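> Got a sequence here, can you model it:
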Amino acid sequence: MWNRLYRCTIEDHVDCYGGDLSVARMSLLKRQAAQLVECELLEAKMSAGKASFEDVDQHNRLVGNVRRNYEVLGIDRVARPVDFGAYVTEKAPDDEA
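Sure, this is the predicted structure:
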């Protein structure tokens, strides 16, 4: 489960940042993804009422690191170019009657 969440988190963030990332940015993004997965798992533990004080402390530290990493990476989404004409043509219903 951890690996799947990790890969999906990386893929989602790469898409948000426009796809073509430098090696340095990708390296930071991988560490960010690992921390986000750990946050998700700790949040699931907390919502089930099974979290210890140490779990809550670790979660709070991870959230602080995640916020700082987003400051370095930049939170702004990079829009990809969209060909509106091709999109409309693709989504238009076939007129076969």
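> Strands of the protein, start to end?
With DSSP state E, there are no strands along the chain.
> how far away is Thr89 from Leu62?
Distance of Thr89 to Leu62, given as CB to CB, to the nearest Å: 45 Å. In short, each C-beta sits where N, CA and C put it, glycine included.
> what ranges do the helices span in the chain?
2-16, 23-47, 53-73, 84-91 (DSSP state H).
> Those helices: lowest mean pLDDT?
Ranked by mean pLDDT, the helices of the chain end with helix 84-91 at the bottom, a mean of 78.
> Tell me how far that one lies from the chain's centre.
From the chain centre to the centre of helix 84-91 is a distance of 28 Å (CA atoms, centre = their mean, to the nearest Å).
> now stretch 38-57
On CA atoms, centre = their mean, the centre of stretch 38-57 falls 20 Å from that of its chain.
> heads up, I number from 34, so please use that
Okay, using 34 as the starting number, the last item reads as stretch 71-90.
> what residues does it touch?
Trp35, Leu38, Gln91, His92, Leu95, Val96, Val99 (CB atoms under 8 Å, 6 or more residues apart in numbering).
> quick revisit: so which of Thr122 and Leu95 has more stuff around it?
More neighbours surround Leu95 than the other of Thr122 and Leu95, with 17 against 9 (other CB atoms under 10 Å).
> My read is that that one contacts Gln68, right?
Yes: under the criterion of CB atoms under 8 Å, Leu95 makes contact with Gln68 at 5.2 Å.
> which of the contacts of stretch 71-90 lies closest to Tyr50?
Val99 (15.5 Å; CB to CB).
> Could I get the buried residue list for stretch 74-83?
Leu75 (16 or more other CB atoms under 10 Å).
> With stretch 62-74 instead?
Leu62, Gln65, Ala66, Ala67, Gln68, Leu69, Val70, Glu71, Cys72.
> returning to what we had before: which two in the contacts of stretch 71-90 are spaced the farthest apart?
Trp35 and Val96 (18.3 Å).
> More neighbours: those two, which one.
Val96 (15 against 11).
> Tell me how far that one lies from Val56.
27 Å.
> and what of Tyr39?
18 Å.
> Tell me which of those two has more neighbours.
Tyr39 (16 against 7).
> End to end on stretch 101-120, go ahead and measure it.
For stretch 101-120, the first-to-last residue distance is 37 Å (CA to CA, to the nearest Å).
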